[in-house]
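In: no FASTA, just this:
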């Protein structure tokens, strides 16, 4: 406030501001160049007819109306949603695993490592080895089924089994991640809650139902949302295991179809429109997460 | 994660001897329910749990083991029924053939170039930005930070078409640059976690150094960087593995064998040699692609697992 200190203080502040802005400038420029500009361009291109080489021609909502009459787009949308059935299956198994590993016993560190291995493995390599495992005649899966006397299908060539096959693989790959987050959540549940419940005569099931489930709910929610976001972008396994989109287009996902339209058929305007729809879906899911998450936190506090 | 409080060694035997020591043990563990039957139940439970987890572990490992086993078979050994789990004979030569059967070595080189340059430079730029966001005064701080965070909501497929045309217009297609350059500008996830980590370090350190006349860059090098090292290392490893395993961006930009990253090379192995039914070769190449990350994981598993558990609880 005084006339002597004020210029000095503001000069110091200005120096700090300059240095700070310089430090954050690099990521901010990166964001503008590689996220914001492409995003705006995608939205613009979605209203045009564009092959990526000559200039885009404005077509209004044509691409969007075309999309919802496009059998292949709707099919790939349906396939993508269907493959998300793996999410609840994976969550149930991984919670059970986390409960098992939360016991005080030997070997939990070892098991944790083993179950986590698929998570860090390269998805391309994993897709290759599962393609081989799903081989109808010589694959690991059908050999295991053979031991049980079941004659397994030719998984990836059969319209009925190609999606379940991809779901099985996705569950296998993602299990370790959800398990780890559940384990961290379980370990932060205060012991006295269980002790108090046991004193009141609550059974193990009641304790699980009324203490464990509510206490891990935030993690469940986080996992559901991140899995939906990740699942909506499923691409690599489809590209490698069923390079043509599977039998009768049964395994083509949205991103696979966008990729094919954009880079094989050079229908970049149309592909942009589909990618904008995908972006909107992800955006809506994320917003719901933020809102519900905030509410969750209030209810816990 | 402490395994030291082990109640069950050896499990079944101690369940039988339980009543004999029953009078002594509950006293040594106050606050615990020390009924003999409950303890025995706990031990039995542990045995059953271990059994179930072991079966699960076999299922988790089986595809990886099967890959390795296949990679050591002869071309015909793959099709033998019943299948051989242990190859007969061991064909280690498959691991020699892969290097000439395709551009595996250049694939590894390209993957290393991309992953190393992005993570090393990108970690530095991210750490600098995190320092500024956590410990310095600047105008529009929250707006800038939230703006960067909002970028996380946009899936890569929505950006890939314009990004591709941008890089195509400057002639960067079929080079590694489109994979490297965006990463050099930092990574918002890393900025977020480093900032979080820095919030637990008192501001007074920075202020004291300022009074001593240190510049902000000096403070960053001598104080901040050493302080955030554990968080930085964990995020670095996670980012490195993500770059190493990336597939969608490389498949868009790279088409000639000399520029392809390892993941693309093995995918091409898969497409090319499946027709010749040379599965041992495909599996050997895939296993080589898996190995570096598996090794990194086993060596650094403590840091990796902790930082992942942390990231989930912050989400």
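Out: Sure thing, it's come through. Source: prediction; values computed, not measured. Numbers count the residues shown, from 1 in each chain, chains lettered A, B, ... in the order given.
In: Residues in contact with stretch A:48-57: which ones?
Out: Contact partners of stretch A:48-57, identified using C-beta atoms under 8 Å, 6 or more residues apart in numbering or on different chains, comprise A:44-45, A:58-59, A:62-63, A:262, A:266-269, A:272, B:161, B:164-165, B:168. No exception for glycine: its C-beta is placed from N, CA and C like everyone else's.
In: again, only this time at 10 Å
Out: Judged by C-beta atoms under 10 Å, 6 or more residues apart in numbering or on different chains, the contacts made with stretch A:48-57 from elsewhere in the structure are A:41, A:44-47, A:58-60, A:62-63, A:262-263, A:265-273, B:161, B:164-165, B:168.
In: What subset of those residues is buried?
Out: Buried members of these, scored by 16 or more other C-beta atoms under 10 Å in any protein chain shown, are A:41, A:44-47, A:59, A:62-63, A:262-263, A:267-273, B:161, B:164-165.
In: Can you tell me, leaving aside adjacent residues, what's nearest to the closest residue to chain A within chain B?
Out: In chain B, no residue comes nearer to chain A than residue B:185, which is 2.4 Å away by C-beta to the nearest C-beta. Leaving out its chain neighbours, the residue that sits closest to residue B:185 by C-beta to C-beta, 6 or more residues apart in numbering or on different chains is residue A:30, at 2.4 Å.
In: I'd like the average pLDDT over the host helix or strand of that neighbour.
Out: Assigned by DSSP states H and E, residue A:30 belongs to helix A:5-31. When pLDDT is averaged along helix A:5-31, the result is 83.
In: same for that helix, what does it pack against?
Out: helix B:104-135, helix B:141-150, helix B:177-184, helix B:188-198, helix B:216-219 (3 or more C-beta pairs under 10 Å, 6 or more residues apart in numbering or on different chains; DSSP states H and E).
In: chain center to that helix, what's the gap?
Out: The gap between where helix A:5-31 is centred and where its chain is centred comes out at 37 Å by C-alpha atoms, centre = their mean, to the nearest Å.
In: Which elements pack onto whatever helix or strand comes next after that helix?
Out: Past helix A:5-31, further along toward the C-terminus, the next helix or strand under DSSP H and E is helix A:37-45. Contacting helix A:37-45 under the criterion 3+ C-beta pairs under 10 Å, 6+ apart are the following elements: helix A:268-300, helix B:156-169.
In: And those: which comes nearest residue A:72?
Out: Closest to residue A:72 of the helices and strands packed on helix A:37-45 is helix A:268-300 (C-beta to C-beta; 10.5 Å).
In: hang on, residue A:41 packs against residue B:163?
Out: Yes. Using C-beta atoms under 10 Å, residue A:41 is in contact with residue B:163, at 9.0 Å.
In: Spell out which residues make up each domain of chain B.
Out: Domain segmentation of chain B under automatic domain parsing yields B:40-71, B:102-314.
In: The shortest one near chain A at all?
Out: The one in question is domain B:40-71. Yes. Counting by C-beta under 10 Å from any C-beta of the partner chain, contacts between domain B:40-71 and chain A involve B:42-43, B:45-50, B:52-54, B:56-71.
In: Next, count neighbours for the residue nearest to residue B:185.
Out: For residue A:30, the count of nearby residues is 23 (other C-beta atoms under 10 Å in any protein chain shown).
In: and it, what is it in contact with?
Out: Contacts for residue A:30 (C-beta under 10 Å, 6+ apart) come out as B:122, B:125, B:129, B:148, B:151, B:181-188.
In: Now a ChimeraX select for only the buried ones of these.
Out: Only the buried members of the contacts of residue A:30 enter the following ChimeraX selection, criterion being 16+ other C-beta under 10 Å:
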select /B:122,125,129,148,151,181,182,183,185,186,187,188
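In: Could you give the number of residues near the spatially closest residue to residue A:189 that is not a sequence neighbour?
Out: Ranked by C-beta to C-beta, 6+ apart and with sequence neighbours excluded, the top spatial neighbour of residue A:189 is residue A:215, at 4.6 Å. By the measure other C-beta under 10 Å, the count of residues near residue A:215 is 16.
In: list the buried ones in the helix or strand hosting residue A:215?
Out: Element membership for residue A:215, per DSSP H and E: helix A:213-231. Using 16+ other C-beta under 10 Å as the burial criterion, the residues of helix A:213-231 that qualify are A:215-216, A:218-231.
In: the inter-axis angle of it versus helix A:268-300?
Out: Between the axes of helix A:213-231 and helix A:268-300, defined by axes from the mean of the first three to the mean of the last three C-alpha atoms, to 10 degrees, the angle is 170 degrees.
In: pLDDT weak spots in the stretch 101-250 of chain A?
Out: Confidence mapping of the stretch 101-250 of chain A against pLDDT under 70 gives zero matching residues.
In: which residues in it form helices?
Out: Taking DSSP state H, counting those that start in this stretch as the test, the helices found in the stretch 101-250 of chain A are A:108-120, A:123-133, A:140-147, A:162-187, A:191-199, A:204-207, A:213-231, A:236-241.
In: Reformat those helices into TSV and put distance to residue B:258 next to each item.
Out: Putting the helices of the stretch 101-250 of chain A into TSV (distance: least, C-beta to C-beta, whole Å) gives the following:
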stretch	distance to residue B:258
helix A:108-120	28
helix A:123-133	19
helix A:140-147	34
helix A:162-187	30
helix A:191-199	59
helix A:204-207	60
helix A:213-231	32
helix A:236-241	21
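In: Quick check: which of these is buried the most?
Out: For the helices of the stretch 101-250 of chain A, the stretch with the most neighbours on average is helix A:123-133, a mean of 26; neighbours defined as mean count of other C-beta atoms under 10 Å in any protein chain shown.
In: Apart from its neighbours in sequence, what residue is nearest residue B:254?
Out: Setting aside the residues directly before and after it, residue B:254 is nearest to residue B:260 in space (C-beta to C-beta, 6+ apart), at 4.9 Å.
In: brain fart, residue A:95
Out: residue A:182 (5.2 Å).
In: Pretty sure that neighbour sits against residue A:112.
Out: No. Contact status for residue A:182 versus residue A:112: not in contact, 11.6 Å apart, counting by C-beta under 10 Å.
In: shared neighbours, the two?
Out: Joint contacts of residue A:182 and residue A:112 (C-beta under 10 Å, 6+ apart) are A:97-98, A:101.
In: Now restrict those residues to buried residues only.
Out: Buried residues within these, counting neighbours by 16+ other C-beta under 10 Å: A:97-98, A:101.
In: How much space separates the closest residue to residue A:206 other than its chain neighbours from residue A:265?
Out: The shortest distance from residue A:206 to any residue that is not its chain neighbour, by C-beta to C-beta, 6+ apart, is 7.2 Å, and that residue is residue A:197. Relative to residue A:265, residue A:197 is positioned 60 Å away (C-beta to C-beta, to the nearest Å).
In: and if you look at residue A:221?
Out: Shown here: residue A:221 relative to residue A:265, a distance of 39 Å by C-beta to C-beta.
In: just residue B:219 next, same as before
Out: If you go by C-beta to C-beta, the gap between residue B:219 and residue A:265 works out to 54 Å.
In: All good on my end, thank you.
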